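Undergrad: Any chance you can model this:
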Amino acid sequence: MVDRFAEDWRTAGLDEATRGMLEYAERLTLEPASVGRADVERLRGVGLDDRSINDLVQVCAYFNYINRIAEGLGVDDEDWLGDDGRPIGE
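TA: Now for the predicted structure:
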């Protein structure tokens, strides 16, 4: 499953709630102005409660924030990670 996920999470056979969270995180990352109340309602519809939705937003926002800092300061990518985010050689 990890290999399928790394290749394309959309076809990895994930459950509806996990797919919903990933779709939401992707939109929040790439198109933040397009995310709104209807998206939160969709997350509730796949079983997430308010705390889970808050956690999802907080984690997504933190990773976006820290990546922007690294990019803004010209921090080099980790040389021990491959393009798929896994350690090289695994």
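
Undergrad: Looks like residue 4 contacts residue 10 (just checking).
TA: No. Residue 4 is not in contact with residue 10 according to CB atoms under 8 Å; the separation is 10.0 Å. To be clear about C-beta, it is placed using only N, CA and C from the backbone, and glycine gets the same treatment.

Undergrad: what residue is smack in the middle of the protein?
TA: residue 25 (4.4 Å; CA atoms, centre = their mean).

Undergrad: who are the neighbours in contact with that residue?
TA: Going by CB atoms under 8 Å, 6 or more residues apart in numbering, residue 25 touches 56, 60.

Undergrad: now it: how far from residue 73?
TA: According to CB to CB, to the nearest Å, residue 25 stands 24 Å off from residue 73.

Undergrad: In the protein, where's the longest helix?
TA: Counting by DSSP state H, the longest helix found in the chain is helix 50-72.

Undergrad: Tell me the gap between that one and the middle of its chain.
TA: Chain-centre distance of helix 50-72: 9 Å, with CA atoms, centre = their mean, to the nearest Å.

Undergrad: okay, that helix in PDB with CA atoms only?
TA: C-alpha atoms of helix 50-72 as PDB (Å, rounded to 0.1, in the frame of the first residue of the first chain):
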ATOM      1  CA  ASP A  50     -14.600  19.100  14.400                       C
ATOM      2  CA  ARG A  51     -11.500  18.200  16.400                       C
ATOM      3  CA  SER A  52     -10.200  16.000  13.500                       C
ATOM      4  CA  ILE A  53     -10.900  18.800  11.000                       C
ATOM      5  CA  ASN A  54      -9.100  21.300  13.100                       C
ATOM      6  CA  ASP A  55      -6.100  18.900  13.500                       C
ATOM      7  CA  LEU A  56      -6.100  18.400   9.700                       C
ATOM      8  CA  VAL A  57      -6.000  22.100   9.000                       C
ATOM      9  CA  GLN A  58      -3.400  22.800  11.700                       C
ATOM     10  CA  VAL A  59      -1.000  20.100  10.400                       C
ATOM     11  CA  CYS A  60      -1.500  21.100   6.700                       C
ATOM     12  CA  ALA A  61      -1.000  24.800   7.500                       C
ATOM     13  CA  TYR A  62       2.200  24.000   9.600                       C
ATOM     14  CA  PHE A  63       3.800  22.000   6.800                       C
ATOM     15  CA  ASN A  64       2.900  24.700   4.300                       C
ATOM     16  CA  TYR A  65       4.300  27.400   6.600                       C
ATOM     17  CA  ILE A  66       7.600  25.600   7.300                       C
ATOM     18  CA  ASN A  67       8.100  24.700   3.600                       C
ATOM     19  CA  ARG A  68       7.600  28.400   2.700                       C
ATOM     20  CA  ILE A  69      10.300  29.400   5.300                       C
ATOM     21  CA  ALA A  70      12.700  26.800   3.900                       C
ATOM     22  CA  GLU A  71      12.000  27.900   0.300                       C
ATOM     23  CA  GLY A  72      12.300  31.600   1.200                       C
END
